[in-house]
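Trainee: Structure for this input, please:
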Amino acid sequence: MNTPSVVLVHGWGFDSSVWQTLQIHLKETNTIAIDLPGYGAQKGNNTEWQINHLAEDLIARTPENAIWVAWSLGGLLALYIAANKTTHITALLTIAATPSFTQKPNWDCAMDAETFASFKQSYVDDKEQCLKNFRRLVSFGADSNIIKQTHSQTCDANPATLLAGLQLLEQTDLRSSLKQIKCPSKFLFADNDVLIPANTYQHPDLQSGSNETLLINNAAHALPISHPQLIRQQIEALIHATH
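Mentor: The predicted structure follows:
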């Protein structure tokens, strides 16, 4: 059996290095940890931070028929690609990600607009302090080792890139696109996540077709850091289900 490639997509305020531990657990698998435009090895990539342009950039840098594993903001982009380029992704695993990261009509399982706008303004006012505070939120409720690992992560993305990412998170609503996703999909959530309400995993919009939701107990938003073995198990299940 030919094992598919596994594409790993990071979230806001982190880069592809967040997947290092998971890649060790997947050493027998061809993993491709990519940086989003403006981050890490793609710091010179000037792709416009509009979701359709980002999707085109990611598609151009990844193989067809791969399994995509995407965290937070990366999960939003992966959902868009899975819905609009249905032949590119053979299976999807999103981690602490939703089709809308801010509350919309009939979608209250997200951050309210005022809180998100306040966070975005805090980034404009003091970028470094905002990133430190964000790491506290990402690891809130985790044990001290996970908190330490989360805070040790670096991010040298362009300030304009980070602000554009926040604007994308604030404005994007992909709920109507979910029904267009045809590949097997798993959505992982964390019960102690302070950025995405735990009850999101029960939302009917995520429970259709071949989708599967899973709530991880005693976990924070920092799932790629805290639960690499569980994520590996979910990836292996998708590999067996599709190949």
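
Trainee: Point out where this protein drops to low pLDDT.
Mentor: Residue ranges of the chain with pLDDT under 70: 1, 208-209.

Trainee: pull the longest helix from it.
Mentor: Across the chain, the longest stretch assigned as helix under DSSP state H is helix 228-242.

Trainee: what's residue 205 sitting at in phi/psi?
Mentor: Phi and psi for residue 205, reported as degrees, to the nearest 10, are phi -60, psi -20.

Trainee: again with the one 10 residues further on
Mentor: Its backbone dihedrals place residue 215 at phi -100, psi 120, with angles given as degrees, to the nearest 10.

Trainee: What about it, how many residues nearby?
Mentor: By the measure other C-beta atoms under 10 Å, the count of residues near residue 215 is 16. Bear in mind the C-beta positions are built from the backbone N, C-alpha and C, glycine included.

Trainee: do the same with residue 47
Mentor: 17.

Trainee: Over to the one 10 residues further on?
Mentor: As a burial measure, the neighbour count of residue 57 was computed by other C-beta under 10 Å and equals 19.

Trainee: and it, what does it touch?
Mentor: Residue 57 is in contact with 37, 45, 47, counting by C-beta atoms under 8 Å, 6 or more residues apart in numbering.

Trainee: This structure: helices as residue ranges?
Mentor: 20-25, 51-60, 73-84, 113-125, 127-139, 144-152, 159-171, 223-226, 228-242.

Trainee: Throw those into a markdown table and include distance to residue 5, thanks.
Mentor: What follows is the helices of the chain, written out as a markdown table (distance: least, C-beta to C-beta, whole Å):
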| stretch | distance to residue 5 |
| --- | --- |
| helix 20-25 | 12 |
| helix 51-60 | 13 |
| helix 73-84 | 14 |
| helix 113-125 | 34 |
| helix 127-139 | 27 |
| helix 144-152 | 26 |
| helix 159-171 | 25 |
| helix 223-226 | 18 |
| helix 228-242 | 11 |
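
Trainee: closest one to residue 189 among these?
Mentor: Distance to residue 189, taken as C-beta to C-beta, is lowest for helix 223-226 among the helices of the chain, at 8.7 Å.

Trainee: Send me the closest one as CSV with only the CA atoms.
Mentor: Presented in CSV, the C-alpha positions along helix 223-226 are these (Å, rounded to 0.1, in the frame of the first residue of the first chain):
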residue,chain,number,x,y,z
LEU,A,223,-3.3,20.2,20.8
PRO,A,224,-0.3,19.8,18.3
ILE,A,225,2.0,20.3,21.2
SER,A,226,0.1,18.4,23.9
